[in-house]
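Q: quick one, structure for this:
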Amino acid sequence: MNSFERYTGMIKGGEIDFVPRIPILMQYAEEYIGSDYEAFASDYRILVEANRRCAKDFGFDQLSAISDPFRETQGFGSKITYIKNGVPRCTHPLENNNDLSILLHPDPLASERMADRVKAIEEYKKLSGGEYSIMGWVEGPAAEAADLRGVTNFLMDTIEDTDYLTRLMDICVNTGIDFAKAQVEAGADTIGIGDAIASQISWDTYKALILPKEKLLVKEIQNTGAFVRLHICGNITHLLPGIDSLGVDILDVDHMVDIVKVRNIVGSKVVISGNINPVEGILRGTPGSIREYVNKSYKAVGNPFMVNAGCEIPSGTPVENLKAFCEPVPYVK
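A: A predicted model of the protein is given here:
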């Protein structure tokens, strides 16, 4: 059984050999092959090489096209500054002017950074199609709106101008759908949705403003035949009743969230992915403590489950720790 079969088998409820491993690697991956973040975020060939090497050496089951949150943002007109040893920085086109007409209209196959991600998916498909799961990525409605407005303006909009924010998120969702479709056509079997800022929003605001937009995005991605993996950094406990209604295939759970409570709310229809603390558990842990946490989590949560940290694997994680994290855990019915 290869990685792709193992991954899809867990989602579809089939019997598999062991639990899939789907950690998110970005800075760690580029450092592992002796590159730098500027190259990783700007050149799909470096991103592909880094992730394929890590998948082979550590034994995980999904190749990811994530590098940073600003692919669509650049397409909308943001100026990107690449950092040699850090995440790119971006300007916020609507930070000082909320006129939606100033936004460009991103084309996933022509906008520089969106097209680069599509090329990464194509390269994965060419080199590893059918062997590994291939995950593309789009920003969620709240995350992209915050990238365009700036976080402070976005949060103020949730209080002072919800009509404006709704129109902005509609634009973000439409672009997200187009971007997702382009990645699926290029070979992605899964699309991740990153909507981190949503964890900082109250339940009432999330339910009224953000949840309907996420539902549309999830539905349209699944209509392409792809799986959806939702990633909201932070404490999503208060959002779980709404997240349960999204119908995502995989839900990433950060370390401060009780994964047993997540299972009790979402039931057995959603793969739970998580949730060891990336810093205290992975970076500063030991191989023994990591193995213990993973096995304990799987036993507590049951199927469907995939091994993942609460968020990205940190730079500087000892090789032996990541190897321990990715050691096969036998599937239990």
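
Q: quick one: mean pLDDT for the longest helix belonging to the chain?
A: Across the chain, the helix with the greatest residue count (assigned by DSSP state H) is helix 162-186. What helix 162-186 shows for mean pLDDT is 98.

Q: which strands or helices does that helix pack on?
A: Judged by 3 or more C-beta pairs under 8 Å, 6 or more residues apart in numbering; DSSP states H and E, the packing partners of helix 162-186 are helix 71-76, helix 112-128, strand 133-139, helix 141-149, helix 151-160, strand 190-194, helix 211-222. Heads up, the C-betas are built off the backbone N, CA and C, glycines and all.

Q: pull out the buried positions in it.
A: Residues of helix 162-186 classed as buried by neighbour count (16 or more other C-beta atoms under 10 Å): 165-166, 168-169, 171-184, 186.

Q: quick check: which ranges of the stretch 201-333 of the chain have low pLDDT?
A: Scanning the stretch 201-333 of the chain for pLDDT under 70 picks out no residues.

Q: count of neighbours near residue 2?
A: By the criterion of other C-beta atoms under 10 Å, residue 2 has 11 neighbours.

Q: for the residue positioned nearest the centre of the chain, what are its contacts?
A: Ranked by distance to the mean C-alpha position of the chain (C-alpha atoms, centre = their mean), the top residue is residue 192 at 4.3 Å. Applying C-beta atoms under 8 Å, 6 or more residues apart in numbering to residue 192 gives the contacts 64, 66, 135, 136, 137, 138, 228, 229, 230, 231.

Q: go again using 10 Å as the cut-off
A: Contacts of residue 192 were listed using C-beta atoms under 10 Å, 6 or more residues apart in numbering, and they are 22, 24, 62, 64-66, 135-140, 180, 221, 227-231, 250, 252.

Q: one more: residue 107?
A: With C-beta under 10 Å, 6+ apart, residue 107 has these contacts: 75, 114, 115, 175, 178, 179, 182.

Q: let's see 8 Å
A: The contact partners of residue 107, by C-beta under 8 Å, 6+ apart, come to 75, 114, 178.

Q: any idea how far it lies from residue 74?
A: Per C-beta to C-beta, to the nearest Å, residue 107 is found 12 Å from residue 74.

Q: what of residue 238?
A: Distance from residue 238 to residue 74, by C-beta to C-beta: 32 Å.

Q: these two: which has the busier surroundings?
A: The residue with more neighbours, out of residue 238 and residue 74 and counting by other C-beta under 10 Å, is residue 74; that gives 22 against 13.

Q: and the more buried one, what pLDDT?
A: For residue 74, the predicted pLDDT is 98.

Q: hang on, it packs against residue 82?
A: No: applying C-beta atoms under 8 Å, one finds residue 74 not in contact with residue 82, separated by 11.1 Å.

Q: where's residue 242, which helix or strand?
A: Residue 242 is located in helix 240-243, with elements delineated by DSSP states H and E.

Q: who's in contact with that helix?
A: Residues contacting helix 240-243 (C-beta under 8 Å, 6+ apart): 203, 206, 207, 211, 230, 232, 236, 251, 261, 262, 265, 266.

Q: give the buried residues for that helix.
A: For helix 240-243, the buried set under the neighbour-count rule, 16+ other C-beta under 10 Å, comprises 240, 242, 243.

Q: ok, so of those residues, who is nearest residue 2?
A: Proximity of these to residue 2 (C-beta to C-beta) peaks at residue 243, which lies at 30.4 Å.

Q: measure the closest one to residue 179 for me?
A: 22 Å.

Q: before we move on, back to that, wait, which of the contacts of helix 240-243 is closest to residue 147?
A: Using C-beta to C-beta, the contacts of helix 240-243 come closest to residue 147 at residue 232, 15.1 Å.

Q: and for the closest one, the neighbour number?
A: Neighbour count for residue 232, taken as other C-beta under 10 Å: 25.

Q: what residues are up against it?
A: Contacts for residue 232 (C-beta under 8 Å, 6+ apart) come out as 140, 194, 195, 196, 198, 199, 239, 243, 252, 254.
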